[in-house]
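Peer 1: could you work out the structure for the sequence below:
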Amino acid sequence: MSHSTLRVGIIGIDSSHAPVFTQLLNDKDHPFHVAGGKVTIAYPGGSPDFEMSYSRIEGFTAQLRERGVEIVDSAEEVAAKCDGILMTSVDGRIHLEQFRQVASYRRPIFIDKPMTVSSADAKEIFAIAKENNIPIMSCSSLRYAEELTIALEESESSSQIIGMDCYGPLALQPTQPGLFWYGVHTVEMLFRALGKGCLHVTAATTEDHDLITGVWENGVIGTIRGNRKGNGQFGALLHRESHTHFIDVKNHPKPYYASLMEKIMGMFVSSIPDIDEEETSQIIRFMEAANESRETGLTVYL
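Peer 2: Residues are numbered from 1 along each chain as shown. Reported below is the predicted structural model:
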């Protein structure tokens, strides 16, 4: 390994993202290989009360082992022997505790979605990060879908964004409340386009569908339509003063995981995250408020 190659450690091998990220970094022949880092060490972790976690650890760990990744028994061991951390634990409830375990090592860290399942946990992670001067970033890979990036770049040179309607699957998992499990993907797309400043959120919900409406301080309205009826497609309508741009995130050959990994590696090298703390905090609070509205049917202020 050359001296310029960063050693990347993984905490939590209970998500498909662990082998996906490893392949992008370690396989030089991958068509969308991301240079500059190599996954060298990983800790399996896992949540015994979350089926989507414990049922997948063994298979994903075997895949990393086959790629020459050292498997260790603690998060601390990973932090001690790497230059940057990918926390891919699938359970957002445990991210604060895992972050606490490795904060003293002061490694730049990417926390996979959902960063946390509450505003309180997110606030605490950011406070610890600030105290230890740790560059930190958390988001869904959908934020960096190439088709969305292209649409936003076009809008910068053409006309003002006046709204956005996002859609995608919204499967529910009891341990990851409401929007935190799958709604995070469409919420990230919405915030990437509309930015900070959402004032309040209202949810309409049935057994199979959710429609979440957010109103921004500049008067822009953004919506998320989530379904539980088998349609797994993600996309959006980005509304501008001049026209509406349809975004089909699958329409581009470059996987959004590769686009995300480029941003993560950029942070590992520069120590500057691509997303600011305030925006990530607002995204967590947006999902929390949407969950409250789903329960009560009332508008909830952020």
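Peer 1: all helices of the stretch 101-250 of the chain, in order?
Peer 2: Per DSSP state H, counting those that start in this stretch, the stretch 101-250 of the chain carries helices over the ranges 119-131, 146-157, 179-194.
Peer 1: any regions of the stretch 1-150 of the chain where pLDDT drops low?
Peer 2: For the stretch 1-150 of the chain, the stretches flagged by pLDDT under 70 are 1-3.
Peer 1: for it, just list every one of the strands.
Peer 2: In the stretch 1-150 of the chain, the segments counted as strands under DSSP state E, counting those that start in this stretch are 6-11, 37-43, 70-71, 84-87, 109-112, 136-139.
Peer 1: name the helices or strands packed onto the last one?
Peer 2: Counting contacts by 3 or more Cβ pairs under 8 Å, 6 or more residues apart in numbering; DSSP states H and E, strand 136-139 packs against strand 109-112, helix 119-131, helix 256-270, helix 277-296. Yep, even glycine has a C-beta here, placed from its N, CA and C like the rest.
Peer 1: same thing but at 10 Å, please
Peer 2: If contacts are counted by 3 or more Cβ pairs under 10 Å, 6 or more residues apart in numbering; DSSP states H and E, strand 136-139 sits against strand 84-87, strand 109-112, helix 119-131, helix 179-194, helix 256-270, helix 277-296.
Peer 1: I'd like to know which elements the first one is packed against.
Peer 2: Contact partners of strand 84-87 among helices and strands, from 3+ Cβ pairs under 10 Å, 6+ apart: strand 6-11, helix 17-26, strand 37-43, helix 75-80, helix 95-102, strand 109-112, strand 136-139, helix 256-270.
Peer 1: what's the offset of it from the middle of its chain?
Peer 2: 13 Å (Cα atoms, centre = their mean, to the nearest Å).
Peer 1: with only the CA atoms kept, save that strand in CSV.
Peer 2: Taking Å, rounded to 0.1, in the frame of the first residue of the first chain, the C-alpha atoms of strand 84-87 are listed here in CSV:
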residue,chain,number,x,y,z
GLY,A,84,-10.7,7.2,8.5
ILE,A,85,-13.9,5.4,9.7
LEU,A,86,-17.0,4.2,7.9
MET,A,87,-19.6,3.5,10.5
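Peer 1: turn the helices and strands packed on strand 84-87 into JSON lines, columns for mean neighbour count and distance to residue 169.
Peer 2: Formatted as JSON lines, those follow (neighbours: other Cβ atoms under 10 Å; distance: least, Cβ to Cβ, whole Å):
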{"stretch": "strand 6-11", "mean neighbour count": "26", "distance to residue 169": "26"}
{"stretch": "helix 17-26", "mean neighbour count": "23", "distance to residue 169": "17"}
{"stretch": "strand 37-43", "mean neighbour count": "24", "distance to residue 169": "28"}
{"stretch": "helix 75-80", "mean neighbour count": "21", "distance to residue 169": "30"}
{"stretch": "helix 95-102", "mean neighbour count": "20", "distance to residue 169": "22"}
{"stretch": "strand 109-112", "mean neighbour count": "26", "distance to residue 169": "18"}
{"stretch": "strand 136-139", "mean neighbour count": "25", "distance to residue 169": "18"}
{"stretch": "helix 256-270", "mean neighbour count": "20", "distance to residue 169": "15"}
